[in-house]
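K.L.:
the following block contains a protein sequence and its predicted model.
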Amino acid sequence: MHQACLKQRIDFYRYISAGQFLTHARMILREIKSLPLREVPEWKIHSLWMAFYAFYAKPFKQQRDGNMQVGLRLPESLVPKEMKNIHQSILNLRDKMYGHTDFASMKANTGEALNALFIHVEKGKAFLH
């Protein structure tokens with residue numbers, strides 16, 4: 001029986017695990033979209049968003065093993081050009097808000113989503129996000 005070399009096994013695992021993480025992220029977005037948001041406790045919605053950011057970002061944030069010179073990180077070249085901005089925004093929110101607390105970003109006026117306030121108006125009522 002032939003066993004694939006380590007690089008081939010890692011490449012295989014990289015794409016299989018990335019597919020699972022991105023599928024989970026998509027399922028979470030569908031769940032959030034289906035919820036009656038005004039009736040669900042805020043902590044549940046926040047937990048779902050945290051899970052989305054973690055699952056989406058994980059394939060793009062994997063560390064390399066310095067000794068083995070391999071890693072599980074997906075190449076950024078896989079992200080379609082028209083999706084690069086939203087992709088980067090998701091990774092920034094994961095890094096600076098959902099995965100970690102980035103106090104430096106709070107002080108700077110960078111124009112990133114973390115420093116923006118979103119207002120949703122529905123039937124004459126404003127909701128902050």
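P.N.:
Received the coordinates, thanks.
K.L.:
can you show me the helices along the protein?
P.N.:
Under the criterion DSSP state H, helices of the chain are mapped to 6-34, 42-61, 84-93, 103-107.
K.L.:
point out the most buried one among those.
P.N.:
The highest average neighbour count among the helices of the chain, using mean count of other Cβ atoms under 10 Å, belongs to helix 42-61 at a mean of 16. C-beta: built from backbone N, CA, C; applies to glycine.
K.L.:
run the angle between that one and helix 6-34 for me.
P.N.:
Our comparison of helix 42-61 with helix 6-34, counting by axes from the mean of the first three to the mean of the last three Cα atoms, to 10 degrees, yields an angle of 150 degrees.
K.L.:
what's helix 42-61 packed up against?
P.N.:
Applying 3 or more Cβ pairs under 8 Å, 6 or more residues apart in numbering; DSSP states H and E, we find helix 42-61 packed against helix 6-34, helix 84-93.
K.L.:
what pLDDT, on average, does that helix get?
P.N.:
Along helix 42-61, the predicted local confidence has a mean pLDDT of 92.
K.L.:
redo the helices of the chain as CSV? Include distance to Pro75.
P.N.:
As requested, the helices of the chain are arranged in CSV below (distance: least, Cβ to Cβ, whole Å):
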stretch, distance to Pro75
helix 6-34, 10
helix 42-61, 9
helix 84-93, 12
helix 103-107, 26
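K.L.:
tell me which of the ones you listed sits nearest to Arg73.
P.N.:
Closest to Arg73 of the helices of the chain is helix 42-61 (Cβ to Cβ; 6.4 Å).
K.L.:
measure Gln3 to Lys123 for me?
P.N.:
62 Å (Cβ to Cβ, to the nearest Å).
K.L.:
out of those two, which sits in the busier spot?
P.N.:
Gln3 (7 against 4; other Cβ atoms under 10 Å).
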